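Undergrad: give me a 3D structure for the following:
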Amino acid sequence: MGGQRDLQTALETALERGERGVQIAAYIGEELVLDGCIGTADDAGTPVTGETLFPIFSVTKGLVATALHIQAERGYVDYEAPVATYWPEFAANGKDAIRVRDVLVHQSGVPQMPEGTTPQRLQDWNWCVDGLARLTPLFPAGTSAYASISYGWQVGEIVRRTDPKGRTFAEFARDEIFQPLGIEDYYLGMDGRNHDRVATLYSAGNLRPQPSQYRELAMPSNITPGPLWNDPTFYDAVIPGAGGIANARAVARFFALLANRGEFNGHRLLSADRVMSFTQPRPNPHAWDEVLGQVPWVGMGGFWLGGDSPPAEPIIGTSPRILSSNGAGGTIAWADPDTGLAVAICHNRMFRINPPLPPDEHPFTLLGAVARSVKE
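TA: Here you go, the predicted structure:
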């Protein structure tokens, strides 16, 4: 009871700091130990409940990375092989030597989207992957260049090409991740369903600080995450790098797979050794990223890592073995495989977090503190 009271206090404080609607959920092992919400979902004042859905942006990258790891676990993908081994068209225009690992950890040198990208074209998987295959790298492979939105198709197409059943990426995620783990209310393309449950997004300031030509190429202004994404076009598009729609319970349940070192709900999807390998920093980990305008603290599995801030995100904790996915505007989820703790925070007022806000300014600071205290 004390933890739930502390959670309610933290939620109320988050509203005082400027939030509109917030959900938080936390698992320890396979038990949902925290589950709270507060605020409103839209201009009509609809209360946020546990069933409210939120765009979670790049938190979805953790899902697409895990799908690739499942294929590696099964022997269908070699991280060190060229992407073109599985996706021959990707070799065009000097990309023949880019490895799967380079794409996985945002070091492919190809962070951009194809010219002519629009919200409508994001619904056309083939248009996106065909365009990405024709791109010329902006940087040499090994350069830190965060693939803000193209990540999902670059990694997801490898998954699709190596799936013996020939499923779409959304079908693969449903069959191989959501169903085994008992996850509901996590959508990759909503097919026109449940739009009325999605919270309206609001902006709490400039979400595109430090503009640069590379940031604009990686995330064109006509598809920038934020209130623009209140268009249902984005709800229905399958955008694995930045387009999941979910609630905190569903996202925390997914991250509980990582917190439990690859096993959850009676299903082992990844070996414990593989999950722990994700906690190792990627090559040249302190490199400046030209797209993000900061040093992203990323591990070998494609997840962001805990640690000292900067460069780590301060809310998730200082353990270097914490795995997280950080979303535009402040949505975040993380897993601690040393304690079994998995946390997800969803919200609808988007804050500037790039570069990360100091802990005393972050609207989620108390929420994170409550969630981390559960393990004690």
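
Undergrad: contacting residues around the residue nearest the centre of the chain?
TA: Centroid-nearest residue in the chain: V59, 1.9 Å away (criterion: C-alpha atoms, centre = their mean). Going by C-beta atoms under 8 Å, 6 or more residues apart in numbering, V59 touches 244, 246, 251, 325-327, 331-333, 344. In short, each C-beta sits where N, CA and C put it, glycine included.

Undergrad: report all helices and strands that the longest helix belonging to the chain contacts.
TA: Assignment by DSSP state H gives helix 2-16 as the longest helix of the chain. The helices and strands touching helix 2-16, judged by 3 or more C-beta pairs under 8 Å, 6 or more residues apart in numbering; DSSP states H and E, are strand 21-28, strand 31-39, helix 365-373.

Undergrad: and the angle from the second one to strand 21-28?
TA: Using axes from the mean of the first three to the mean of the last three C-alpha atoms, to 10 degrees, the direction of strand 31-39 lies 170 degrees away from that of strand 21-28.

Undergrad: which positions in strand 31-39 come out as buried?
TA: For strand 31-39, a neighbour-count test (16 or more other C-beta atoms under 10 Å) marks 33-39 as buried.

Undergrad: ok, now stretch 139-150?
TA: 139, 141-150.

Undergrad: could I get these as CSV with secondary structure, distance to L292 and pLDDT?
TA: Output for those, formatted as CSV (DSSP: H, G, I helix; E, B strand; the rest coil; distance: C-beta to C-beta, whole Å; pLDDT from 0 to 100):
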residue, secondary structure, distance to L292, pLDDT
F139, coil, 13, 97
A141, coil, 18, 97
G142, coil, 16, 97
T143, coil, 12, 97
S144, coil, 8, 97
A145, coil, 9, 97
Y146, coil, 5, 97
A147, coil, 11, 97
S148, coil, 8, 96
I149, coil, 13, 96
S150, coil, 14, 98
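
Undergrad: how big is the angle separating the longest helix of the chain from strand 31-39?
TA: Using the same axes, to 10 degrees: helix 2-16 against strand 31-39 is 30 degrees.

Undergrad: same question for helix 2-16, mean pLDDT?
TA: Taken as a whole, helix 2-16 has an average pLDDT of 79.

Undergrad: might you list the low-confidence residue ranges for this structure?
TA: 1-4, 205-211, 352-376 (pLDDT under 70).

Undergrad: quick one: the helices in it?
TA: 2-16, 61-73, 100-104, 125-134, 151-162, 169-173, 179-181, 213-218, 232-236, 248-259, 272-277, 365-373.

Undergrad: out of those helices, flag the one nearest S309.
TA: Of all those, helix 365-373 sits nearest to S309, with 11.9 Å by C-beta to C-beta.

Undergrad: what sits against I98?
TA: Per C-beta under 8 Å, 6+ apart, neighbours of I98: 82-84, 90, 108-110, 137, 141.

Undergrad: in JSON lines: the buried residues of stretch 139-150, plus distance to S203.
TA: Rendered in JSON lines, the data for the buried residues of stretch 139-150 read as follows (distance: C-beta to C-beta, whole Å):
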{"residue": "F139", "distance to S203": "30"}
{"residue": "A141", "distance to S203": "35"}
{"residue": "G142", "distance to S203": "35"}
{"residue": "T143", "distance to S203": "31"}
{"residue": "S144", "distance to S203": "27"}
{"residue": "A145", "distance to S203": "26"}
{"residue": "Y146", "distance to S203": "21"}
{"residue": "A147", "distance to S203": "23"}
{"residue": "S148", "distance to S203": "17"}
{"residue": "I149", "distance to S203": "18"}
{"residue": "S150", "distance to S203": "23"}
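
Undergrad: show me the two of those that sit farthest apart.
TA: Applying C-beta to C-beta across the buried residues of stretch 139-150, the maximum distance is between G142 and I149, 21.2 Å.

Undergrad: among the contacts of V59, which pair sits farthest apart?
TA: Longest span within the contacts of V59, C-beta to C-beta: A246 and N326, 14.9 Å.

Undergrad: more crowded one of those two?
TA: A246 (28 against 24; other C-beta atoms under 10 Å).

Undergrad: with adjacent residues omitted, what lies nearest to that one?
TA: Among residues not flanking A246 along the chain, Y186 sits closest, at 4.2 Å (C-beta to C-beta, 6 or more residues apart in numbering).

Undergrad: likewise for Q120?
TA: T233 (6.3 Å).

Undergrad: I'd say the one you found and T118 touch.
TA: No. T233 lies out of contact with T118 (C-beta atoms under 8 Å); the separation is 9.1 Å.

Undergrad: and the nearest residue to A41 once chain neighbours are set aside, how far is that from P232?
TA: Distance criterion C-beta to C-beta, 6+ apart; nearest residue to A41, sequence neighbours excluded, is A199 at 4.0 Å. Distance of A199 to P232, computed by C-beta to C-beta, to the nearest Å: 13 Å.

Undergrad: these two - which one has more neighbours?
TA: The residue with more neighbours, out of A199 and P232, is A199; 26 against 13, by other C-beta under 10 Å.

Undergrad: put the alpha carbons of stretch 265-285 into PDB.
TA: Only the C-alpha atoms of stretch 265-285 are listed here, as PDB (Å, rounded to 0.1, in the frame of the first residue of the first chain):
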ATOM      1  CA  ASN A 265       5.000 -16.100 -19.300                       C
ATOM      2  CA  GLY A 266       6.400 -19.600 -19.600                       C
ATOM      3  CA  HIS A 267       8.200 -18.800 -22.900                       C
ATOM      4  CA  ARG A 268      12.000 -18.400 -23.400                       C
ATOM      5  CA  LEU A 269      12.500 -16.200 -26.500                       C
ATOM      6  CA  LEU A 270      16.100 -15.300 -25.900                       C
ATOM      7  CA  SER A 271      19.000 -16.900 -24.000                       C
ATOM      8  CA  ALA A 272      20.100 -15.300 -20.800                       C
ATOM      9  CA  ASP A 273      23.600 -14.900 -22.300                       C
ATOM     10  CA  ARG A 274      22.300 -13.100 -25.300                       C
ATOM     11  CA  VAL A 275      20.200 -10.700 -23.200                       C
ATOM     12  CA  MET A 276      23.200  -9.900 -21.000                       C
ATOM     13  CA  SER A 277      25.400  -9.300 -24.100                       C
ATOM     14  CA  PHE A 278      23.100  -6.300 -24.900                       C
ATOM     15  CA  THR A 279      24.500  -4.500 -21.800                       C
ATOM     16  CA  GLN A 280      28.000  -4.100 -23.400                       C
ATOM     17  CA  PRO A 281      28.500  -0.700 -25.000                       C
ATOM     18  CA  ARG A 282      28.700  -0.600 -28.800                       C
ATOM     19  CA  PRO A 283      32.000   0.200 -30.500                       C
ATOM     20  CA  ASN A 284      33.300   3.700 -30.100                       C
ATOM     21  CA  PRO A 285      30.600   4.300 -27.500                       C
END
